[in-house]
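this is the structure alone, sequence omitted:
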C-alpha cells in the first residue's frame, strides 16, 4: 500500500495540473466526440493485464484513447439537453470523498455522510424557499428519485401493497410532456403502462388541470384507484411549468400524492424573481431537484424532498439484525427511506460548492444563463427564417428553421459537426425542434452570440 | 471561471498532499467516529453563506468538523460489514471523472462512458470465468442491481406486467440468509412481502434446494406463479455459498429467473482456487458483483450481469424523441437496460485499478485477506472461551464468546471503542454473533493478530 501511495502522490499532482489545464483549455476539444461506434472498444485490449502497470502508461492511454471518445459536458459550447457544469470546488470534494470512501449505510457507519446530507439539503431547501417540514435525501438520478416518489404514493394510497403486492387498478397521472422516467418508473414498479395517463397540455405545453379532473372522474367511474399525479416544473422539451397550485388542489380533493419533477428548473427558484416557479410546491408530497443539472455539481446528485417521510419509511424500512443500531432520536438512518443501502458521500460536493460560490455567486451565474437564453430567444424572434415554438421562461430555447424536419436535422448536424457547439432536438406538435440550453459556468455571452451566427449562416447556406 | 480554476489548481495540490498523507497515516484516527448523533449538524451553520468563501476556510472546516464525524472505511482496522478499500488508482480516476463530468445517457452523449463500461465489465467477466454472453451494466449499489434482476425476472415470466401492471400471484424465493435488499426490492416493485418465500438453510447457512422445491410445488398447487429465485454466493452474515447448480436445475425445471447475489464474494472467483464458488453461475440469468466491496473501488460501483439483455430491454426500454439517436448496431444506449438515465463515468475507476494492479496484484491481495481470516478462524477454534458459529470459506469469520448475548455486545463495544478496530455483529440461530471481515488493502497480518489479542484480553477482563 505504501508504494501505491507514493505513486498516487506523484500522479495526483500531475492529475491536478491536467485537470486545471483541461478546464482552462476545454474549448480546444471538439465538444461532441468524433469517434465511431465501437472505436474505443476496438482500440483497447480485449483482456485486462496480468501484471500491474504504472500510472504513466495508464495516463498516456487516458489521453490518447479515452479522451477522444469523450463528449465534453464541461465544454462551454455544450448547449444540448440540460447544459451543466462539474465545477472546480465540487471536483475537489469528489477527490476527498473518494479518498475517505465513507459509506453512509447507517448513521454510525459514518455520521458525516448522514449529517452533512441533512445540513446541505436543509441549506438547499432554504434557498429554494421550501418549508422546513420537507425531508431531504440524495439519490443518484432523478429517474431513481421519481421512482421513490411513485412507490411512496402507492404506500400512502394503497398501504396494503407492501404486504399484498401491487393491484392493477392504481392509476398515475402526468402530462404528455413529462419526462420518460415517470412512465419508466411506473412500469418498473408494476403500476402498468396502461395505468399511466398522459394528460394533454395547453399551447404553452402545461398540463391542463380540467382534463386531469376529467380523467380522474372517468377512472373513478370505471372502478380504478387514482393514486399519484406528477407535475413538472421545467419539462425536458420546453421547460414549461405545470400549474402546480391547481394540481395541488386536485391532489387534495382526490387524495392523491403530488410529486413535482423540477430536476432541471428547480435551481431557478433560488432567484427571488423566479420563486414563482415553485408556487404551490410547498403543498406537494415530494419534489426532485438535481444539483447535477443546473447547480454546478458533477454527476451524480439528485436531491429528493418529501413532506411525508413517515410514508417513505413505511414503504422502504426493513432492518435486518446485521444493520440494527442506535436508537438515539437524532440518529437518522437513510436506508430506512429508500432502496439503495450503500450511500456515497455525495453531500460533500454540495457543501463545497455552496460555500465556495455562496448564494450570491450561484444567483449571478443563474441570472446570466437566463439572460443570455432570453437574448437568444429575441434574436430568433427577430429573424423571419426562424420561429420560436415554445415559451422560454428559463435558460432553454426551442426554435426551428422554417423548413422541413430534415432541414432542421441537417442544420443541427452541421452545428454539432463544428466541434464548437452541441445542441439537441426534440419533437413538439409532431415537428422536429432544435433546443439551445445555457447552463455551463464557462459559457459566456459571446458563445451564445457565436452559435446564433453559426445557425444563421447554416440557414443561409 | 478562470479565477475558480486558479483556486482549484492551488487547492487541488493541497488536496492531493492531504489525501496522500491521510492514506499514509489513517491509523492515527479512531476508526469509528466518536461524535454524538446531531453533533455535526449542530456544529455547522444552519444556513448556507450568502457570499462565497475561499478554499482555505472550507478546507479548515473539513478537517476540524467533518473529519471527526467520519468513520474511516479506508482504515486498515475497519473489519466490520464487508471491509473494503478506496484504492489510490481509483481515487485518481474519480478526480478525472468528476472533471470530465461526462454523462453517458446515450452512447453519443459520451462514447467513452459507454464503451469503457463495456470493456471493463468484459475484462471483469473474464476474470470471473463467466461466459461471453453475459451482458454487463453498472449501477450504484447491489440493492439497485438486484431490483433490476427482480424486475427482469417478472418481465420474463409475466411479460404482461409491463402493460397491465403487477399481479399479486407472483412469488419470489430466496434463503432466510439472503440480504434484506432482495425483500426490499420485491416490496418496492409491488411483488408484495407475503410473496417472498424465505427458504430455510442447512447447518452451513446454505439454502436447502429440497425445501425450495417443496415451496414451489405448494405455491403452484395454490394457484400462485413462481417467477424468481435469488441465490447468494457469500451471504452477508456468514458468507455462506448457496448450492447454485442445484438451484439452476430447479430454476430450469420451473421456468424461473435465477439471480445470483455475489456482491461481496464474487471477487474471490478471480482466484483459480476459489473459482468453485461460481459453479453453476454461468446458468444464472443475472448476477451482481460489487467492485466497491472487495475489488478496491471507492463506493459506488455495482456490476450487474445478465445473459438475457433482451429481457432487460423489454422491461426497461422507453425512448422519447429527445433521446432518439443513432441506429448503428454498435451504438449501445445503456438507458435501454435499466432505470437510471444519468450515467456517471464509473468505469474509469475500474479501468485504472485493473490496469494498475493487474490480475496478479488483485489475486495477491485477495489471497492475503483470505489467508489471514483463516488464521484468525484457527485462533478462535483453539481458544475454549470462544466458538466459531459458521464455516468461514472466505475473508469473514463469525464467532462468539461463550457467554450471553450481552457479554458479546459488551465485548464488541469495547473493541470498537478502542479506536483501532471496527467489528460488526449479526444474529445466527437466535444468538448474537461477532463478525470479523478482512478486506482493506492496508490491513496487515499484524492487524489481525492485534485485534485477536485485544478480543482475548477483553474476554479475560
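Here it is on my side, so go on. Given the structure is predicted, the values throughout are model-derived calculations rather than measurements.

which bits of the stretch 251-400 of chain A sit near chain B?
A:292, A:298-300, A:302, A:315-316, A:318-323, A:326, A:328-332, A:339-344, A:348-349, A:351-352, A:354-361 (Cβ under 8 Å from any Cβ of the partner chain). Quick note: C-beta positions are derived from backbone N, CA and C, even for glycine.

if we use 6 Å, what do you get?
A:298-300, A:318, A:320-322, A:328, A:330-331, A:339-342, A:344, A:352, A:354-361 (Cβ under 6 Å from any Cβ of the partner chain).

which segments of chain A make up each domain?
Listed domain ranges for chain A are A:2-30+A:33-70, A:103-344, A:353-460 (source: automatic domain parsing).

got the buried residues for the top helix by length along chain A?
The longest helix of chain A (DSSP state H) is helix A:347-382. By neighbour count on 16 or more other Cβ atoms under 10 Å in any protein chain shown, the buried set for helix A:347-382 is A:347-359, A:361-363, A:365-370, A:372-373, A:375-377, A:379-380.

toward the C-terminus, what is the element adjacent to that helix?
strand A:386-388 (DSSP states H and E).

pick the most buried one from the domains of chain A.
Compared across the domains of chain A, domain A:103-344 shows the largest average neighbour count, a mean of 22 (mean count of other Cβ atoms under 10 Å in any protein chain shown).

gap between the two ends of it?
Domain A:103-344 stretches 5 Å from its first residue to its last (Cα to Cα, to the nearest Å).

what does stretch A:55-66 give?
Stretch A:55-66: ends 15 Å apart by Cα to Cα.

so is that stretch next to chain B?
Yes - for stretch A:55-66 and chain B, the contact criterion (Cβ under 6 Å from any Cβ) is met by A:58, A:66.

now do stretch A:110-119
Yes - against chain B, stretch A:110-119 shows contacts by Cβ under 6 Å from any Cβ at A:110, A:111, A:112, A:115, A:118, A:119.

now intersect these with the helices, please.
Using DSSP H, A:111, A:112, A:115, A:118, A:119 are the members of the residues of stretch A:110-119 next to chain B that sit in helices.

and residue A:308, what does it touch?
With contact taken as Cβ atoms under 6 Å, 6 or more residues apart in numbering or on different chains, residue A:308 is in contact with residue A:285.

what's the answer for residue A:257, then?
Residues in contact with residue A:257 (Cβ under 6 Å, 6+ apart) are A:153, A:156, A:228, A:285.

adding secondary structure and pLDDT, write the residues you listed out as CSV.
Shown next, in CSV, are the contacts of residue A:257 (DSSP: H, G, I helix; E, B strand; the rest coil; pLDDT from 0 to 100):
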residue, secondary structure, pLDDT
A:153, helix, 98
A:156, helix, 98
A:228, strand, 98
A:285, coil, 98
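
and the residues you listed, which is closest to chain B?
residue A:153 (12.1 Å; Cβ to the nearest Cβ).

the closest one: what's it in contact with?
A:227, A:228, A:257.

the first one belongs to a helix?
No - checked against DSSP: H, G, I helix; E, B strand; the rest coil, residue A:227 lies outside a helix; its state is strand.

how close does it sit to chain B?
Distance, residue A:227 to chain B, by Cβ to the nearest Cβ, to the nearest Å: 12 Å.

how far away is that residue from residue A:418?
Going from residue A:227 to residue A:418 by Cβ to Cβ, to the nearest Å gives 48 Å.

again with the second one
In this structure, residue A:228 lies at 43 Å from residue A:418, with Cβ to Cβ as the measure.

next: residue A:135.
Separation of residue A:135 from residue A:418 (Cβ to Cβ): 46 Å.

likewise for residue A:450?
10 Å.

show me where chain A has its strands.
In chain A, the segments counted as strands under DSSP state E are A:135-139, A:170-175, A:196-199, A:225-232, A:257-261, A:286-289, A:302-306, A:386-388, A:396-401, A:424-428, A:431-437.

can you put the ones you listed in JSON lines and add distance to residue A:59?
JSON lines is the format used below for those (distance: least, Cβ to Cβ, whole Å):
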{"stretch": "strand A:135-139", "distance to residue A:59": "31"}
{"stretch": "strand A:170-175", "distance to residue A:59": "46"}
{"stretch": "strand A:196-199", "distance to residue A:59": "47"}
{"stretch": "strand A:225-232", "distance to residue A:59": "42"}
{"stretch": "strand A:257-261", "distance to residue A:59": "40"}
{"stretch": "strand A:286-289", "distance to residue A:59": "36"}
{"stretch": "strand A:302-306", "distance to residue A:59": "31"}
{"stretch": "strand A:386-388", "distance to residue A:59": "45"}
{"stretch": "strand A:396-401", "distance to residue A:59": "37"}
{"stretch": "strand A:424-428", "distance to residue A:59": "32"}
{"stretch": "strand A:431-437", "distance to residue A:59": "32"}
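
closest one to residue B:20 among those strands?
strand A:135-139 (28.1 Å; Cβ to Cβ).

the inter-axis angle of that closest one versus helix A:347-382?
Put simply, strand A:135-139 runs at 80 degrees to helix A:347-382, going by axes from the mean of the first three to the mean of the last three Cα atoms, to 10 degrees.
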